[in-house]
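Asks: structure of the sequence below:
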Amino acid sequence: MTQTIQNSGAVQSLLVRYRLAIYILGLFAISAPIVLDRFGISVSSEIRTVIVLASLFVMVLTYVAERQSFERADEEPTRKQNYSRQARTAIAFALIGVAIGGYVWFTIDPVTGLLFVLGALLFVRIAYAGSIR
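Replies: I've put the predicted structure just below:
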């Protein structure tokens, strides 16, 4: 059991250390099939779905590891507010909504994608406003 805890701590520190690269590569992986499709290289919708879900999964894990790391180490001297777990969860889901909305925007319908992104951004605003009170 101790070995598992140590391994999860190592994975968490690895995710936090390379978080910027993970976020950039995740966005690149999500947009790569779209760009390839514009150049005439077809990628099936099943493969696109797997790429998007895997990228979002790793990006959300990175976000959670980052938040836990900052809470434990208290390394953010400029942070003036501690957000509740409910607000952080809402923000994480809103970020997923923005990513899915961007995907829908480029692959299915721009209007639907835009509405999805706007809804996710409003969700973030509500979560943020609710955590200030």
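
Asks: tell me the domain ranges of the chain?
Replies: Listed by automatic domain parsing, the domain ranges of the chain are 1-79, 81-133.

Asks: among the ones you listed, which is the most enclosed?
Replies: domain 81-133 (a mean of 15; mean count of other C-beta atoms under 10 Å). Quick note: C-beta positions are derived from backbone N, CA and C, even for glycine.

Asks: would you pull up how far that domain lies from the middle of the chain?
Replies: 10 Å (C-alpha atoms, centre = their mean, to the nearest Å).

Asks: mind giving me the packing neighbours of the lengthiest helix in the chain?
Replies: Ranked by residue count under DSSP state H, the longest helix found in the chain is helix 45-73. Contacts defined by 3 or more C-beta pairs under 8 Å, 6 or more residues apart in numbering; DSSP states H and E place helix 45-73 against helix 2-17, helix 19-38, helix 85-107.

Asks: on that earlier part again, turn the domains of the chain into a markdown table, including mean pLDDT.
Replies: Shown next, in a markdown table, are the domains of the chain (pLDDT from 0 to 100):
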| stretch | mean pLDDT |
| --- | --- |
| domain 1-79 | 79 |
| domain 81-133 | 78 |
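
Asks: who's in contact with stretch 47-62?
Replies: Applying C-beta atoms under 8 Å, 6 or more residues apart in numbering, the contact partners of stretch 47-62 are 15-16, 19, 22-23, 26-27, 29-30, 32-33, 92, 95-96, 99-100, 103, 107.

Asks: now do stretch 12-23
Replies: Applying C-beta under 8 Å, 6+ apart, the external contacts of stretch 12-23 come out as Val58, Met59, Leu61, Thr62, Ala65, Glu66, Gln68, Ser69.

Asks: and if we set it to 10 Å?
Replies: Here stretch 12-23 makes contact (C-beta atoms under 10 Å, 6 or more residues apart in numbering) with 25, 55, 58-59, 61-70, 72-73.
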